[in-house]
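Peer 1: Would you be able to build a 3D model of this:
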Amino acid sequence: MLPLSCINCLHNPLQLGPIGTTFGFCTIHRVVLRAPESTTCGRQLRKDLLADSAAEVQEAHQERYPVGHVVLVTDPRISAADERLVEPPNGGLPDDPVVEEVLDYGELDSKVSSLAALRRVSGARAEVARLSLSRAYFSNCFKRDHRWTAGIHLLWWTLREAGNDPVLAASDLREEPANLSMEEFVDLAKWYIVALRLSLMADIGSAAGTREAVRQFAPLAEQAAASTKAGSGASLLQWIRRRRSVMQSAFPRERYQELRDALHRE
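Peer 2: A predicted model of the protein is given here:
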């Protein structure tokens, strides 16, 4: 993963490591990314960092790259549009339920409704898109009003599936395995997805008040990284499953329903 590029940005939800389509899409600038490994902008929010670190790095990124349009990673003076590396969606993309939901994101009345729609689409690419956009959505909401409860639906959905084996199809993989067996390559792809689940939970946990039980999710991703084999989806899933009951007790259905009802009353 190229850390400074669009391929590593939460606002491009179509790609994560070896998973996704060959092209990306930026939900900020509303453009198809034809070579996302070569482009970036000052709005980049890194997938490989947790919320606080991603926000700090974004500030530094904006000192070099403009926020208003996509440019080359190697030269921020060169517009990606001038190099024909981005283009507006013009109806030429292949029919695909994940791509369609991503193109609609931010264009409908509710972004949470779009995230819920992605949850109803099966497969790894749909989950990657939902988790990426969930992290970006929560980051923006918390920056605006400093209320962690903007993420209760996202946390509830993710907590329920945290230990589930990701469903990968051959069409979900955009790369050929390099120096890995197919089994190792698929396991690596699963690691990316499960790590993204934990990152979302850690983001929301970090934002919660100290009196909230979900605060214990804040160090979750770092604890998992320190205790499991790097790049091993099987190892990460096993670690989560051993802690599933403890994790679920930190955010039981009763607490979720209480917070959900309070938001509805507001």
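Peer 1: quick one: stretch 217-225 to chain centroid distance?
Peer 2: Here stretch 217-225 is found 16 Å from its chain centre; the criterion is CA atoms, centre = their mean, to the nearest Å.
Peer 1: residues making contact with it?
Peer 2: 50, 155, 195, 198-199, 201-202, 204-206, 208, 236, 239-240, 247, 250 (CB atoms under 8 Å, 6 or more residues apart in numbering). C-beta here means a position set from N, CA and C on the backbone, and glycine is covered the same way.
Peer 1: make it 6 Å
Peer 2: 198-199, 201-202, 205-206, 239 (CB atoms under 6 Å, 6 or more residues apart in numbering).
Peer 1: Helices - which of the residues you listed land there?
Peer 2: Using DSSP state H, the members of these that fall in helices are 198-199, 201-202, 205-206, 239.
Peer 1: Tell me which two in those residues are the farthest apart.
Peer 2: 206 and 239 (19.5 Å; CB to CB).
Peer 1: Name the surrounding residues that touch the helix or strand where residue 116 lies.
Peer 2: Secondary structure assignment for residue 116, by DSSP states H and E: helix 111-119. If you take CB under 6 Å, 6+ apart as the criterion, helix 111-119 is touched by 101, 105, 108, 126, 129-130, 134, 137, 157.
Peer 1: Greatest separation within these: which pair is it?
Peer 2: Distance extremes for the contacts of helix 111-119: the farthest pair is 108 and 157 at 18.3 Å, using CB to CB.
Peer 1: Compare the two (neighbour count), which wins?
Peer 2: Comparing residue 108 with residue 157 by other CB atoms under 10 Å, the one with more neighbours is residue 157, at 19 against 11.
Peer 1: List the buried residues for the helix or strand where the more buried one lies?
Peer 2: Using DSSP H and E, the element containing residue 157 is helix 152-161. The neighbour-count check on helix 152-161 (16 or more other CB atoms under 10 Å) flags 152-159 as buried.
Peer 1: ok, of the residues you listed, which one's closest to residue 214?
Peer 2: residue 155 (6.7 Å).
Peer 1: Please report how far that closest one lies from residue 33.
Peer 2: Per CB to CB, to the nearest Å, residue 155 is found 29 Å from residue 33.
Peer 1: Ok, residue 105 next?
Peer 2: Separation of residue 105 from residue 33 (CB to CB): 15 Å.
Peer 1: Was I right to think residue 34 contacts residue 84?
Peer 2: No - look at residue 34 against residue 84 with CB atoms under 6 Å: they stay out of range, at 7.3 Å.
Peer 1: Those two - which one has more neighbours?
Peer 2: Legend: neighbour count by other CB under 10 Å for residue 34 and residue 84, higher for residue 34 (16 against 9).
Peer 1: picking up where we left off before, keep only those of the contacts of helix 111-119 that are in helices.
Peer 2: Per DSSP H, the subset of the contacts of helix 111-119 in helices is 101, 126, 129-130, 134, 137, 157.
Peer 1: Which one of the residues you listed is nearest to residue 72?
Peer 2: Looking across the ones in helices among the contacts of helix 111-119 and measuring by CB to CB, the closest to residue 72 is residue 129, at 25.1 Å.
Peer 1: Contact partners for the nearest residue to that closest one once chain neighbours are set aside?
Peer 2: Among residues not flanking residue 129 along the chain, residue 13 sits closest, at 4.0 Å (CB to CB, 6 or more residues apart in numbering). By CB under 6 Å, 6+ apart, the residues touching residue 13 are 102, 129, 132-133.
Peer 1: Now with 7 Å, please.
Peer 2: For residue 13, the contact set (CB atoms under 7 Å, 6 or more residues apart in numbering) comprises 27, 102, 128-129, 132-133.
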